[in-house]
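Q: Coordinates for the following, if possible.
(2 chains)
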Amino acid sequence: MFHWLEKHPFFFAVAVFLTIAFAGLIEILPNFAQASQPTVGTKPYTTLELAGRHVYIKNNCMGCHSQLIRPFKSETDRYGHYSLSGEYAYDRPFLWGSKRTGPDLMRVGNYRTTDWHENHMKDPAAVVPGSIMPAYRWMFKNAADIDTAYAEQVTVNKVFNTPYNAEIPMADGTKATVPLAATLDEAKAAALEEAKVIAADMKDQDVKDAVAAGQVPEIVAMIAYLNSLK
Amino acid sequence: MENRPLEYDYTVAKWFMLTTVVLGIVGMLVGVILAWQMAFPAVNLMAGEGLAEYTNFSRLRPLHTDSVIFGFTLSGIWATWYYVGQRVLKVSMAESKFLMVLAKLHFFIYLLVVVAVVGSLLLGISTGKEYADFEWPIDIAVVVVWVIWGMSIFGLIGIRREKSLYISIWYYIATFLGIAMLYLFNNMEIPTYFASGGIGAWYHSVSMYSGTNDALVQWWYGHNAVAFGFTVPIVAMIYYFLPKESGQAVYSYKLSLLAFWGLMFVYLWAGGHHLIYSTVPDWMQTMGSVFSVVLILPSWGSAINMLLTMKGEWQQVASSPLIKFMILASTFYMFSTLEGPIQAIKSVNALAHFTDWIVGHVHDGVLGWVAFMIMAALFHMAPRVYKREIYSKSLMNTQFWIQTLGVVLYFTSMWIAGITQGMMWRAHDEFGNLAYSFIDTVTVLHPYYTIRAVGGTLYLVGMFLFAYNMYKTMTSSRRVEESELQNASPMGA
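A: Got it, this is the predicted structure:
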């Protein structure tokens, strides 16, 4: 059979393809629908949080920080409850990372605050002596891309039915709703309102001035995103 | 006319040889910068505060991985394809104008993609998935390049004189099919600009998969991009170049059959070992783990087949630096394909995952196996495509030892770093509290990061020697005809 295949390139290619496609079908398909179900209490991102998530991706934070707490005592002691599949239901892309040069950030919103992040992003080694993380001072100057974040919200709402403007069950039995603005201008206004809350806890005067003038620096969106990780 | 040997056309092979060398140096230079940044964070500011955004570790890291994978390695694969393909199929590129145009198109569109990738990664335009960082416009261009290559493969096969496909061709076909399938499915994404009716950045997209599913598809891709980018085509090379250079016939045809079909079947299952103790179902993690261990068989099948090909001719390892490169490559292949399965065992993975040990594993595979084999292939090709002798054998020897030392420093330091960090993360004191804060597990690694940076720098020095040697070979070495070169092949022209 193999000799025959070696003389018939087309059938050879078909045989190779079937051999390699087989595993993917069996491993990926059966679980597909189940794995995309959210856990109770998991909400989609607001416009500002999503813009912050884009800043996180733009600067490749996942190159050094995981967002995946494994079910070991040493990890739950350090980072909190181990990760559940449904907590990632609205993560496109997933940001588990593959290397922990720095600590896990899956629940960083539970134990770090806005001003901690502000100081840390400006000069990591001043906050954590011995840190090898570089400073991210340009985030204080660059403007966050709210437009693209809003476009992504509209897209996932339309294409994947991500539940914006819909009641979402929370762990304590209450319902929560994450609004999706009807227009880009409304989205910008809402993001700015969120940004003002963050900026109020910050010390950097340039950032405060920018937000007061109606702009959203990357650092504000970034902190909104980090605070949402719980 | 009938009795003249075929004149092969190496135009495109030469172009890809050039990008192999250039992108290899770029990718490894960025890697060395990253290594020094981890040892000494001040290096992040090497171009000043103003440019820090573009020179800091996190922005540069994808540029390193992508330029080594999609720059250096892919160029190497294509350089060898446009050389090996013609020779084992006994047909010249010059015989088909169509294939020639296709091959040139292949090269130039690839160059455009390289430029677009470098620019977009520096600007931070990324989908956020490792080794699949490119946004949709680049993805489409990549698919075009890939389809052209496929047409080139099957076009050349279509007009072949040698009816039976040599082992290397099997592996090139598998590379083409494997990457095509993986890349397409993993990069399924929706451009937000169009879906939202024209809002935001035009190049931005959102993944079709979310969370755990996205992770599953990504590591099915990520692991098998290693399979079909770093293993399969490199095996294609060694099956051609080692017998050619040594003048020895491949040791066992049956073993090559077993290794090929075994590798094809087993490799795809192993992707799950990147997700052990994650939120993907337990049975998938176990499958990933088990199949990773089974993967030793086909991997070692190829490697042993190569080592036994040298049976009775081991003196060549001492006398020929080129054979040295290839034998070290297949030795590192064995080493790396043993190390990987060990890391995929669940209890070992609990310790090793997220640590530098994984980084060490990747690099003993890529530096020791992939890069050594690609450089050996280029050294073998150079006298035949440029019709000039290799400029300096002693320089080759020097390069070999400098780079070997570099790899050894790299993986030994990363072993120690990874295991140290893994042990410290999980250590509890007598009261059951965590024994170390996270930063303790970072500062302790400084010496190992420094050793790694030295190892990487040595390897880069070797790359410069390689580039210099190739340049001198191209331009000012003694002219030589292929018939004068030693080691007429067991397989004919």
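Q: List the residues that contact residue 199.
A: Because you didn't say which chain, this covers chain A. Residue A:199 makes contacts with A:207-208, A:211-212, A:220, as judged by C-beta atoms under 8 Å, 6 or more residues apart in numbering or on different chains. No exception for glycine: its C-beta is placed from N, CA and C like everyone else's.
Q: not quite, I wanted chain B
A: Counting by C-beta under 8 Å, 6+ apart, residue B:199 has contacts A:147-148, A:150-151, A:154, A:184, B:192-193.
Q: Next: residue B:133.
A: Neighbours of residue B:133 in contact, by C-beta under 8 Å, 6+ apart: B:62, B:66, B:121, B:126-127.
Q: Skip the chain neighbours and tell me the closest residue to it.
A: residue B:126 (4.4 Å; C-beta to C-beta, 6 or more residues apart in numbering or on different chains).
Q: Tell me how many other residues surround the residue in chain A positioned nearest to chain B.
A: Minimum separation of chain A from chain B (C-beta to the nearest C-beta) falls at residue A:88, amounting to 2.7 Å. When neighbours are defined as other C-beta atoms under 10 Å in any protein chain shown, residue A:88 has 29 of them.
Q: Apart from its neighbours in sequence, what residue is nearest it?
A: Spatially, and ignoring its direct neighbours in sequence, residue A:88 is nearest to residue B:211 (2.7 Å; C-beta to C-beta, 6+ apart).
Q: Is that neighbour in contact with residue A:37, as I believe?
A: No: the pair residue B:211 / residue A:37 is not scored as a contact, 9.8 Å apart, by C-beta atoms under 8 Å.
Q: Between those two, tell me which one has more neighbours.
A: residue B:211 (27 against 12).
Q: tell me the contacts of that one?
A: Contacts for residue B:211 (C-beta under 8 Å, 6+ apart) come out as A:35-36, A:85-92, A:94, B:279.
Q: picking up where we left off before, out of the contacts of residue A:199, which are inside helices?
A: If you go by DSSP state H, these have A:207-208, A:211-212, A:220 in helices.
Q: still on that earlier bit, tell me the most packed of the contacts of residue A:199, by neighbour count.
A: Neighbour-wise, the contacts of residue A:199 (other C-beta under 10 Å) top out at residue A:220, 34 neighbours.
Q: ok, that one touching residue A:146?
A: No: shown here, residue A:220 and residue A:146 do not form a contact pair, counting by C-beta under 8 Å, at 10.7 Å.
Q: Can you pull the residues that touch both of the two?
A: residue A:48.
Q: Which helix or strand contains the residue nearest to residue B:342 when sequence neighbours are not counted?
A: Take residue B:342 and drop its neighbours on the chain: the residue closest to it by C-beta to C-beta, 6+ apart is residue B:348, 5.8 Å away. Residue B:348 belongs to helix B:346-352 when elements are defined using DSSP states H and E.
Q: ok, then the element right after that helix?
A: helix B:356-363.
Q: helices or strands next to the helix or strand containing residue B:53 in the packing?
A: Taking DSSP H and E as the definition, residue B:53 sits inside helix B:52-55. Of the remaining helices and strands, none touches helix B:52-55 by 3 or more C-beta pairs under 8 Å, 6 or more residues apart in numbering or on different chains; DSSP states H and E.
Q: got the buried residues for it?
A: Within helix B:52-55, the residues that count as buried by 16 or more other C-beta atoms under 10 Å in any protein chain shown are B:52-53, B:55.
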